[in-house]
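S.K.: Got a sequence here, can you model it:
(chains A and B)
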2 protein chains.
Amino acid sequence: AGRLGALVVAGTRVTVAVDSSETIDVAATAGIREVLVDVDVGMPRCGCDPADAGRLADEARNAGLTVRGVMGYEGHLQHVVNADERRSRTARAMDVLTAAHAEVGGDVVSGGGTGTWDCNEVVTELQAGSFVLMDGDYAQLGLPFAEGLVVLTTAVSVRPGRHVALDGGLKALAMDSGGPQLVDDQGGAAEVLFCSDEHTTVAGGSWTVGDRVGLRPAHIDPTIAKHATLHLVHDVTAGGDAEVLESWPVDLRDW
Amino acid sequence: AGRLGALVVAGTRVTVAVDSSETIDVAATAGIREVLVDVDVGMPRCGCDPADAGRLADEARNAGLTVRGVMGYEGHLQHVVNADERRSRTARAMDVLTAAHAEVGGDVVSGGGTGTWDCNEVVTELQAGSFVLMDGDYAQLGLPFAEGLVVLTTAVSVRPGRHVALDGGLKALAMDSGGPQLVDDQGGAAEVLFCSDEHTTVAGGSWTVGDRVGLRPAHIDPTIAKHATLHLVHDVTAGGDAEVLESWPVDLRDW
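M.R.: Below is the predicted model of the structure:
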C-alpha cells in the first residue's frame, strides 16, 4: 500500500478495492484517496459480506476516502461451459452486486471477465483480461477470441518413433488447468505425454534434435508469470521463424 | 552450450550429458571437454536407447571429448510409494545402466534421486536434490528428511466462519502435484479450498486480516522457480517472526 500511496502523491490516479476495516485503514494511512468496496458475489475469495457493504462505505468515507462504487468479480462463473447457465448465474450474482451498490453509492460497478464479457450487462467496468491472448481453458467456451500465446521450446532428445523431450516443462507452463497442447501435432501423430521440471515429453511425432516446437498453455496468467520476457511476433504459428516486433519484460514474481 | 563453453575456457570443470550425435556436435563445437552418455533407463524423457550408448561414446571420443561415464535417471521411480517395489524396480533400471556403462567406459555412473537415495546401490554420483527442502509429494514416502520450505502469505480478506483469502496462489505455488498444505491448520479447523492466480482460499480457521499464514507446496522445484528470493530462516515454523539468516537470489525463469 505504501508503494501505491507514493504513486498517488506522484500524481497517478489509483483506486483500490477494500473489503474490511483493516484494508480501509491501510489504504487511508498509505495516502490512497479513492476506493471501491469489494463485494462477495459468490466466489469464495476476496469481497465482503454483501450486508456489510454499506457500513464499509461509510467507514471509508469517515476515513477521508472517496468511494467510487463497488466491485464484485464472478470469477467462479467464467469457465461455466454452458452459455445459458453462465448467463443466468451471472445475472443472479450481479443482482447481489446491484443491491450492494444501492447501499454504497458511487458511479462505478466493476466486475465481469473474459468468460462473461457478453452476458454481464450490469457492470460499468469490465474486468476482462485473458481475452487478449486466451488459453486452452478459455478456448473451450467458444469465445470469439483467438489463442495468441505460444511457449516456444526446442527438441533436445529424441527416441525415434517413441518420444521427444522438449526443453520447457513445469517451470515454463502453468499446470493447474491441465497440460499444454501442441501447436502443431503433425496431423495427430503426436501428443503431450507429461511435463517434468524442465521438460515436456511428447509421444510420437517425427521431430529431430534442434527442432522448434510450440506449446499452448492451459492457463495463461501463471504461465506468463514464469517468464522474464514476452516476445510479440507477427505470426505466432511461425515458431522460431516468426518476426519479433517487440519484447516486453515480465515482472510478475512474488504475486 | 556457448555459455557453458565460456565457463570451461574460464577454468571451470563442466561435464554435460549427451544422448545424440547432435548434442555431441554442439558440445564439442562449444568448447565443452567432458561428457557423460545419458541413457534411457525407463523414464520417457532424455537418454539414448541403451543399445546406442557405446556408439555415442565412440562418437564423442572421435569428436575430441573425454567420456567420463554414463548417467541414467530413474525419475519415474522416485515417487513409487511402496519401498520394496521402489527398490526392485530401481535395481532393474540400474541393470540397464550397468550394461550401458560396460560399453561406454569411464569412472562415473550417475543417477538416483531423493526417492531412491537409499536403494540405488549402483551409482557413484547420487542426483538427489529435493531432500534438502523436501515437499508434500516426497513427504508421503516416509524419507528421513524434514520439510523445510514454506511460502509465507498474508491473510488479505476474511469472511468469519467461512473462508480466508491469502495473498499467494498459482503464481507462487507449483500445482502439478496438487495443492499446498497449511503449515498450521489450527487443530484441523482449516483446510486449503483452492488456489487462484494471486490467492489461496482457506476454508474455516480464525485468522484475521494481516495474519501471516504458511503454505507447504506439493512440489518444490517449480515453486522455488516462481520466486525472486529464497530466505533462509532459523525456524521455518516461526512464520513472519523467523530470524532471517541469509537471502539468496533465485534465477530459474526461462527453464
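
S.K.: doesn't A:T90 fall inside a strand?
M.R.: No: using DSSP: H, G, I helix; E, B strand; the rest coil, the assignment for A:T90 is helix, not a strand.

S.K.: And the helices in chain A?
M.R.: Assigned by DSSP state H, the helices in chain A fall at A:2-9, A:21-30, A:53-62, A:83-104, A:136-139, A:221-224.

S.K.: so which of those comes closest to B:D137?
M.R.: helix A:221-224 (18.8 Å; C-beta to C-beta). For every residue, glycine as well, the C-beta is placed using N, CA and C.

S.K.: ok, residues contacting that closest one?
M.R.: A:130, A:135, A:149, A:151, A:172-174, A:176, A:217, A:230, A:250, A:252, B:170-171, B:197 (C-beta atoms under 8 Å, 6 or more residues apart in numbering or on different chains).

S.K.: Select from these every entry located in strands.
M.R.: Within the contacts of helix A:221-224, residues falling in strands by DSSP state E are A:V151, A:L230.

S.K.: biggest separation within the contacts of helix A:221-224, which pair?
M.R.: Put simply, by C-beta to C-beta the two of these set farthest apart are A:D176 and A:L230, 19.8 Å from each other.

S.K.: Please identify which of those two sits among more neighbours.
M.R.: Legend: neighbour count by other C-beta atoms under 10 Å in any protein chain shown for A:D176 and A:L230, higher for A:D176 (21 against 13).

S.K.: and the stretch 151-255 of chain A, which of its residues are near chain B?
M.R.: With C-beta under 8 Å from any C-beta of the partner chain as the criterion, the stretch 151-255 of chain A meets chain B at residues A:156-159, A:162-163, A:165, A:168, A:170-172, A:174-176, A:193, A:195-199, A:201, A:203, A:208-210, A:219, A:221-222, A:225-229, A:252-255.

S.K.: Among the contacts of helix A:221-224, find the lowest-pLDDT one for me.
M.R.: Looking at the contacts of helix A:221-224 by pLDDT, the weakest one is A:L252, with 78.

S.K.: What about that residue? Give its phi and psi, please.
M.R.: Dihedral pair for A:L252: phi -130, psi 10, per degrees, to the nearest 10.

S.K.: Any of the residues of the stretch 151-255 of chain A next to chain B buried? List them.
M.R.: Buried by 16 or more other C-beta atoms under 10 Å in any protein chain shown: A:156-159, A:163, A:165, A:168, A:170-172, A:174-176, A:193, A:195-199, A:201, A:209, A:219, A:221-222, A:225-227, A:252-253, A:255, out of these.

S.K.: so the closest residue to A:V164 other than its chain neighbours bridges to which residues?
M.R.: Counting by C-beta to C-beta, 6 or more residues apart in numbering or on different chains, A:V164 lies nearest to A:V202, which is 4.6 Å off, once chain neighbours are set aside. Counting by DSSP bridges, A:V202 forms beta bridges with A:V164, A:V192.

S.K.: so what's A:V202 up against?
M.R.: Contacts of A:V202 by C-beta under 8 Å, 6+ apart are A:H163, A:V164, A:A165, A:L166, A:L182, A:A190, A:E191, A:V192, A:L193, A:V213.

S.K.: Got a PyMOL select line for the buried ones in those?
M.R.: Those of the contacts of A:V202 that count as buried under 16+ other C-beta under 10 Å are selected in PyMOL with:
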select buried, chain A and resi 163+164+165+166+182+190+192+193+213
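
S.K.: and of the contacts of A:V202, the nearest to B:T116?
M.R.: Among the contacts of A:V202, and counting by C-beta to C-beta, the member closest to B:T116 is A:A165, at 20.6 Å.

S.K.: tell me the pLDDT at the nearest residue to that closest one once chain neighbours are set aside?
M.R.: Nearest non-adjacent residue to A:A165, counting by C-beta to C-beta, 6+ apart: A:S157, 4.0 Å away. pLDDT, A:S157: 98.

S.K.: what's A:S157 in contact with, if anything?
M.R.: Residues counted as contacts of A:S157 (C-beta under 8 Å, 6+ apart) are A:V164, A:A165, A:V209, B:D19, B:S20, B:T23, B:D38, B:R45, B:C46, B:G47.

S.K.: quick one: the fifth one and A:V209 touch, right?
M.R.: Spelled out, it's B:S20. Yes: between B:S20 and A:V209 there is a contact under C-beta atoms under 8 Å: 5.2 Å.

S.K.: which neighbours do those two share?
M.R.: In contact with both B:S20 and A:V209: A:S157, A:V158, using C-beta under 8 Å, 6+ apart.

S.K.: hey, C-alpha coordinates of stretch A:201-214 in PDB?
M.R.: Extracted as PDB, the C-alpha positions of stretch A:201-214 are listed here (Å, rounded to 0.1, in the frame of the first residue of the first chain):
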ATOM      1  CA  THR A 201       7.700 -35.300 -23.200                       C
ATOM      2  CA  VAL A 202       5.800 -35.700 -26.400                       C
ATOM      3  CA  ALA A 203       4.700 -39.200 -27.600                       C
ATOM      4  CA  GLY A 204       5.000 -39.900 -31.300                       C
ATOM      5  CA  GLY A 205       5.900 -37.300 -33.900                       C
ATOM      6  CA  SER A 206       8.900 -37.000 -36.200                       C
ATOM      7  CA  TRP A 207      10.900 -34.100 -34.800                       C
ATOM      8  CA  THR A 208      14.700 -34.200 -34.700                       C
ATOM      9  CA  VAL A 209      17.000 -32.700 -32.100                       C
ATOM     10  CA  GLY A 210      17.100 -28.900 -32.500                       C
ATOM     11  CA  ASP A 211      13.600 -28.500 -34.000                       C
ATOM     12  CA  ARG A 212      11.400 -25.800 -32.500                       C
ATOM     13  CA  VAL A 213       8.100 -27.000 -31.000                       C
ATOM     14  CA  GLY A 214       5.300 -24.700 -29.800                       C
END
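
S.K.: quick check: mean pLDDT across that stretch?
M.R.: pLDDT averaged over stretch A:201-214 gives 96.

S.K.: can you list contacts of stretch A:160-170?
M.R.: Contacts of stretch A:160-170 (C-beta under 8 Å, 6+ apart): A:151, A:153-158, A:190, A:193, A:195-207, A:213, A:215, B:44-46, B:174, B:176, B:219, B:221-222, B:255.

S.K.: For stretch A:60-73, list the C-alpha coordinates in PDB.
M.R.: Extracted C-alpha coordinates of stretch A:60-73, given in PDB (Å, rounded to 0.1, in the frame of the first residue of the first chain):
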ATOM      1  CA  ALA A  60     -14.200   4.600   4.200                       C
ATOM      2  CA  ARG A  61     -15.800   8.000   3.800                       C
ATOM      3  CA  ASN A  62     -15.200   8.700   7.500                       C
ATOM      4  CA  ALA A  63     -11.600   7.800   6.900                       C
ATOM      5  CA  GLY A  64     -11.400  10.500   4.300                       C
ATOM      6  CA  LEU A  65     -11.600   8.200   1.300                       C
ATOM      7  CA  THR A  66     -13.700   8.800  -1.800                       C
ATOM      8  CA  VAL A  67     -15.900   5.800  -2.500                       C
ATOM      9  CA  ARG A  68     -16.200   5.400  -6.300                       C
ATOM     10  CA  GLY A  69     -18.500   2.400  -6.200                       C
ATOM     11  CA  VAL A  70     -18.400  -1.400  -5.900                       C
ATOM     12  CA  MET A  71     -16.700  -4.300  -7.500                       C
ATOM     13  CA  GLY A  72     -17.800  -7.900  -7.400                       C
ATOM     14  CA  TYR A  73     -16.000 -10.500  -9.600                       C
END
